[in-house]
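A.B. asks: Generate coordinates for the sequence data below:
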Amino acid sequence: MPESLVCGVDEVGCGPLAGAVVAAAVILDPVRPIDGLADSKKLSEKKRERLFPEIQDKALAWSLGRAEVEEIDRINILQASLLAMRRAVESLSIAPHHALIDGNRIPAGLPCSAQAIVGGDGSEPAIAAASIIAKVARDREMIELDARYPGYGLAGHKGYPTRAHIQALHELGVTEIHRRSFGPVRRLLAENA
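C.D. replies: Numbering: from 1, shown residues only. Model prediction:
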């Protein structure tokens, strides 16, 4: 067990109109390196799916944190993403001594010291691992939601505001998994009020 346990933290799902924002925290094991870690956005879906179980297997600890649609609408997406990150760190089975946070803000109330790193998912392996865990977990969730809410195309666009998603909102209406505080959804609700 290394003297100083550092976790990488990243979130995914700030931009979508639907679904939770999901964060992950990962403490890598220095004696079990993982090849190919990179910012999840730069990896193919196939590569992310291959790395996901390897990270789960080789990391000293990993966890997910989330903020639900109601929380996003109540406290705003920035605060919700910071909340999801804090929940991920708090959920780790091993308490970290330090957290490396992707971005320019540190979540309040973390149980350890922390440093914000802009572009950290491209420079810090632990943050890259967290970005992969969060992305794969959220994408799988959107595929499940696609089966429960057919017609919105969630499995394809993962909730992002594509032309097809906005058209589906106009045709099928707003569901409880849609973020009412986000412009396209808010405008649609106002039009139909």
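A.B. asks: what residues are up against Glu176?
C.D. replies: Counting by C-beta atoms under 8 Å, 6 or more residues apart in numbering, Glu176 makes contact with Val69. Placement of C-beta: from N, CA and C, glycine included.
A.B. asks: please begin residue numbering at 250 from this point
C.D. replies: That works, and once the first residue is 250, the last one we named lands at Glu425.
A.B. asks: For Val385, see how far away it is.
C.D. replies: To Val385, Glu425 is 24 Å away according to C-beta to C-beta, to the nearest Å.
A.B. asks: now Leu341
C.D. replies: Distance from Leu341 to Val385, counting by C-beta to C-beta: 18 Å.
A.B. asks: can you give me the strands in this structure?
C.D. replies: In the chain, the strands defined using DSSP state E lie at 255-261, 270-276, 310-316, 347-351, 362-366.
A.B. asks: Now mean neighbour count and mean pLDDT too, for the ones you listed, in TSV please.
C.D. replies: Supplementary listing: these in TSV, determined by neighbours: other C-beta atoms under 10 Å; pLDDT from 0 to 100:
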stretch	mean neighbour count	mean pLDDT
strand 255-261	29	98
strand 270-276	30	98
strand 310-316	22	98
strand 347-351	24	98
strand 362-366	15	98
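A.B. asks: can you tell me which of these comes nearest to Gln328?
C.D. replies: strand 310-316 (8.3 Å; C-beta to C-beta).
A.B. asks: Done for today, thanks.
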